[in-house]
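A.B. asks: Next come a sequence and a model predicted from it.
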Amino acid sequence: MYIQNKSSETYDFLTKNYIPWTLASKELEFQKKIKTEVENTDFVENFYKNSNLVINNFIKNVNIDSRTYKTIVYITGKCYPMISRQAEFMRANGYKTYLISMETLSIQNLKMIKESFDEIIHGCFFFPTLGKILNSVHPSFFHVQCWMWQYHLGKFVIEKNLKSKVISEFYDVTGMYASSDDLSMVFPKHLIKQDFEYEKFIFENSDGIIHRYKESIFINYAKRYKKRAKILEFQQYPIKIVKSEYKLSQKNQKYKFVFCGTLIPPNDPNHPYEIFNPAGLFYTFKKILQSDHEINVYQPLNSNLEFNSWLFDLKNKSFPNTLKIHDFLPISELINEISKFDFGINFQKIDIKKTKVSQDTYEGAMGTKNHTYLEAGLPIIVNKEYKYHDEIVTKNKIGLSLKSEDLSNFNFLINNANIKELKKNVRKFNIRNSLDKKGKDLLSFFESL
């Protein structure tokens, strides 16, 4: 009972005071110190002096458009392609789309999403500021990003109990990722308890839920809640069909691989491999590079140089010529850039006997990087342990699905792959699963709410 009260106190304090968004997951006592520091300055006063005009214009434009058009206000911590793709499609199909980002977006991030929204507010920072905007706008829909450990955003939007319908979009679902006991290997118990409470609230009070899991696995998980929301699986479907270069297979050919996504250090006590499977990427990278293939790593939007130092060490100490590290690119540029390579990597060494990651994840999760590679025309290499990954690869013949123990035979397996045929199959897959085609399901979903 104490933890539940603590959770409520933390949520109330966070949402009623000027605590910066980036500190939303910090301990309550730390947030109280921040509140005191902020109150001893004129920071909030200056914040509103500088932003009131922008906020008022945003509110005015949403409300004017809502008289004539169907409107969607998207609310995110940071705007990633999963949401911006959907917004771009909805905008192209007659909806007016608006974005509120709690974080300040980089020029690169803004460039990536510029075609998705009619207007953007970013650097919203504080829940009281978000609350003022939400209380003043009357769109047809709110679409809120629900991210593991950041569920307070979804709860806050729904709890406003406004007349607009609320669609909650899940990325990783805390309860589907691992059990509370196993998560406690890494995360504080009060934070885990809080996330499970918020997750329940979001499932039971959303008007619609969008997710990136296999539909049957997600629906089965949702049965634990008294849900009334409509549910839609929606992946990062391709906007355009990129023609990737075909290469004739040659014996002992050296390939160019690409990796785009979150990088987890190996042997990091804060990210143990039992909970963080990407910690096994190190072994995949090393095996590929030892075979004299090339790997191109494009750092993610939330890249941290200190956190990724292991990657630079691997390059500088062992593979200076064949491990190439690139800065983040907006997705449209990234897709064109990586289309010149041979394979996309979403494969890591997993100890399935020791893993604490749940069966829901292994059976139903789908990595967005798979669809990024496919849109670029690249065959993908995935873990057979991830059943949904394995299903789309084997069913459509668009890459290689390997068990972790196959890593020792990686070079043999890759040299026996018919890359020309795989790339043809990827193109067919993209045509069948384009955003233009799959977007019809998204339109129907909104229209049914």
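C.D. replies: It's in. Residues are numbered from 1 along each chain as shown.
A.B. asks: residues touching Ile335, list them.
C.D. replies: Lys240, Val242, Thr372, Glu375, Ala376 (C-beta atoms under 8 Å, 6 or more residues apart in numbering). In short, each C-beta sits where N, CA and C put it, glycine included.
A.B. asks: what's the farthest-apart pair in those?
C.D. replies: Lys240 and Thr372 (12.8 Å; C-beta to C-beta).
A.B. asks: and those two? which has more neighbours close in?
C.D. replies: Using other C-beta atoms under 10 Å, the more surrounded residue of Lys240 and Thr372 is Thr372, with 24 against 12.
A.B. asks: Now that one: which helix or strand?
C.D. replies: Per DSSP states H and E: Thr372 is located in helix 368-375.
A.B. asks: what's the answer for Phe125, then?
C.D. replies: Applying DSSP H and E, one finds Phe125 in no helix or strand.
A.B. asks: related to what we said a few turns ago, lowest-confidence entry in the contacts of Ile335?
C.D. replies: Ranked by pLDDT, the contacts of Ile335 bottom out at Val242, which has 76.
A.B. asks: That one belongs to a helix?
C.D. replies: No. Counting by DSSP: H, G, I helix; E, B strand; the rest coil, one finds Val242 to be coil, located in no helix.
A.B. asks: Show me the helices in the stretch 1-150 of the chain, by range?
C.D. replies: For the stretch 1-150 of the chain, helices defined by DSSP state H, counting those that start in this stretch occupy the ranges 2-16, 28-39, 43-66, 81-92, 107-113, 127-136.
A.B. asks: tell me the most buried of those helices?
C.D. replies: helix 81-92 (a mean of 21; mean count of other C-beta atoms under 10 Å).
A.B. asks: Residues contacting that helix, please?
C.D. replies: 72, 74, 76, 97, 99, 112-113, 115-118, 143, 145, 169, 171, 210, 212, 234, 236-237, 239, 331, 368, 372, 435, 439, 442-443, 446.
A.B. asks: now the angle from that helix to helix 368-375?
C.D. replies: Orientation check (axes from the mean of the first three to the mean of the last three C-alpha atoms, to 10 degrees): helix 81-92 against helix 368-375 gives 60 degrees.
A.B. asks: how far away is Phe47 from Phe126?
C.D. replies: Note on Phe47: its distance to Phe126, by C-beta to C-beta, to the nearest Å, is 8 Å.
A.B. asks: The nearest residue to Pro139 once chain neighbours are set aside: how many residues sit nearby?
C.D. replies: If the residues on either side of it in the chain are set aside, Pro139 comes closest to Thr71, at 4.0 Å by C-beta to C-beta, 6 or more residues apart in numbering. Neighbours of Thr71 under the rule other C-beta under 10 Å: 25.
A.B. asks: which element is the residue lying closest to His271 once chain neighbours are set aside on?
C.D. replies: Nearest non-adjacent residue to His271, counting by C-beta to C-beta, 6+ apart: Ile264, 5.1 Å away. Ile264 belongs to no helix or strand when elements are defined using DSSP H and E.
A.B. asks: Is Ile264 in contact with Phe276, as I believe?
C.D. replies: Yes. The pair Ile264 / Phe276 is scored as a contact, 4.8 Å apart, by C-beta atoms under 8 Å.
A.B. asks: Who are the contact partners of the residue most central in space within the chain?
C.D. replies: The chain has Tyr171 as the residue nearest its centroid, 5.4 Å off, counting by C-alpha atoms, centre = their mean. Counting by C-beta under 8 Å, 6+ apart, Tyr171 touches Met82, Gln145, Cys146, Trp147, Met148, Arg212.
A.B. asks: hang on, Gln253 packs against Asn418?
C.D. replies: No. Taking C-beta under 8 Å as the definition, Gln253 is not a contact partner of Asn418, at 11.7 Å.
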